[in-house]
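Q: Build the 3D model from these lines:
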Amino acid sequence: MTTIDNGKRIVAAGWETNYHDAGEGEPILFLHGSGPGVSALANWRLVLPDLSRSFRCVAPDSVGFGFSARPDDIRYDVDNWVKHAIGLLDTLGLKSVSIVGNSLGGRVALGIACSHPDRVRRLVLMGSPGPQMGQTEGLKALRSYEPSIENMRKLMEVYFAYDPSIVTDELVRARYEASTLPGAHETYHAMFHAERHANNIPPPSADELSAIHVPTLVLHGREDRVVPVESGLSLAGLIPGAQLHVFGHCGHWVQIEKAREFAHLTRWFLESA
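A: This next block holds a predicted model:
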């Protein structure tokens, strides 16, 4: 099994970027979500070793998250996360990739597919917001997070996982410590509460989705309390030719709660599309 390293450093779109790069073959860009303490490795650690046996897997910490830069002079929004992802592809010399996006990462993947369709081969959208999706109880809880072990445990047990028994003390502490890295909480809080970042993650429009013509697989947990399963149904219904798989007894963590099935479906889709 391929070992995933602790991260490499590169400058992408002018921002210092931490990323993971493992395996050989057709390239996949993995884009993580937006929960507190999130990073590429936190999101994808269970599936990268498996998928990197068949593909080149590139997984960055998006600007403002993880161990990448947290600049004060940008607006944290979909446009700049798209800019960052394209900058990384340019720096690595990757003309086109398949993209696997989780939650916010799926929204950014859709932004890339709309603004840079020539850079996208296939899309896998997991727990991604659909058109007209509003603030859910789960999103409100994530975005109002204040750092503590207890608050992180509650988020993970109540809103991320369907089965709270998978939330270990080690996992809670790792995410809590990541959420308290220097500047991490201040940046995270500003993304969703500062006026200059207001309305920074608008849902995709029906027109945008109907214009996407790359093979797309939509994955969603039926019991997702952050991004409801109806969003996945909407995405699959509006993106021409999209395929849909809904996991029962699964929350917002498909890649963790259903890691083996996620890797199997993703490999099948990317190899057969």
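Q: so where do the helices sit in the stretch 51-200 of the chain?
A: Residue ranges of the helices in the stretch 51-200 of the chain, as given by DSSP state H, counting those that start in this stretch, are 78-92, 104-115, 137-143, 149-154, 169-179, 184-193.
Q: pLDDT value on residue 130, please?
A: The model reports residue 130 with a pLDDT of 93.
Q: That one contacts residue 232, correct?
A: Yes - between residue 130 and residue 232 there is a contact at 6.9 Å, judged by CB atoms under 8 Å. The way it works is simple: take the backbone N, C-alpha and C, and place the C-beta from them, glycine included.
Q: what's the most buried one of the helices of the stretch 51-200 of the chain?
A: Most buried of the helices of the stretch 51-200 of the chain by mean neighbour count (mean count of other CB atoms under 10 Å) is helix 104-115; its value is a mean of 25.
Q: And that one, what does it pack against?
A: Using 3 or more CB pairs under 8 Å, 6 or more residues apart in numbering; DSSP states H and E, the elements in contact with helix 104-115 are strand 27-31, helix 78-92, strand 97-102, strand 120-126, helix 206-210.
Q: need the contact list for the nearest residue to residue 167 once chain neighbours are set aside.
A: Once flanking residues are discounted, residue 167 sits nearest to residue 156: 4.5 Å by CB to CB, 6 or more residues apart in numbering. By CB atoms under 8 Å, 6 or more residues apart in numbering, the residues touching residue 156 are 164, 167, 171, 172, 175.
Q: Rebuild the residues you listed as a markdown table, extending it with distance to residue 181 and pLDDT.
A: Converted to a markdown table, these look like this (distance: CB to CB, whole Å; pLDDT from 0 to 100):
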| residue | distance to residue 181 | pLDDT |
| --- | --- | --- |
| 164 | 25 | 95 |
| 167 | 21 | 95 |
| 171 | 17 | 93 |
| 172 | 16 | 95 |
| 175 | 11 | 94 |
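Q: Closest one of these to residue 29?
A: residue 175 (23.0 Å; CB to CB).
Q: Against residue 107, how distant is the residue lying closest to that closest one once chain neighbours are set aside?
A: Leaving aside its chain neighbours, residue 175 sits nearest to residue 37 (3.8 Å; criterion: CB to CB, 6+ apart). Residue 37 is 19 Å from residue 107, where distance means CB to CB, to the nearest Å.
Q: coming back round to it: right, so of the helices and strands packed on helix 104-115, which gets closest to residue 17?
A: Nearest to residue 17, of the helices and strands packed on helix 104-115 and by CB to CB, is helix 78-92 at 6.2 Å.
Q: How far off centre is the closest one?
A: Relative to the centre of its chain, helix 78-92 is centred 14 Å away, using CA atoms, centre = their mean, to the nearest Å.
Q: ok, back up a step: kindly provide the distance from the residue nearest to residue 175 to residue 67.
A: Residue 37 is 12 Å from residue 67, by CB to CB.
Q: show me the contacts for the residue nearest in space to the middle of the chain.
A: By CA atoms, centre = their mean, the chain has its centre lying nearest to residue 32, at 2.5 Å. Going by CB under 8 Å, 6+ apart, residue 32 touches 38-40, 42-44, 59, 61-62, 65-66, 102-105.
Q: Then residue 191?
A: Contacts of residue 191 (CB under 8 Å, 6+ apart): 34, 64, 76, 197, 200.
Q: Identify the farthest-apart pair in those.
A: Maximum distance among the contacts of residue 191 (CB to CB): 12.0 Å, for 34 and 197.
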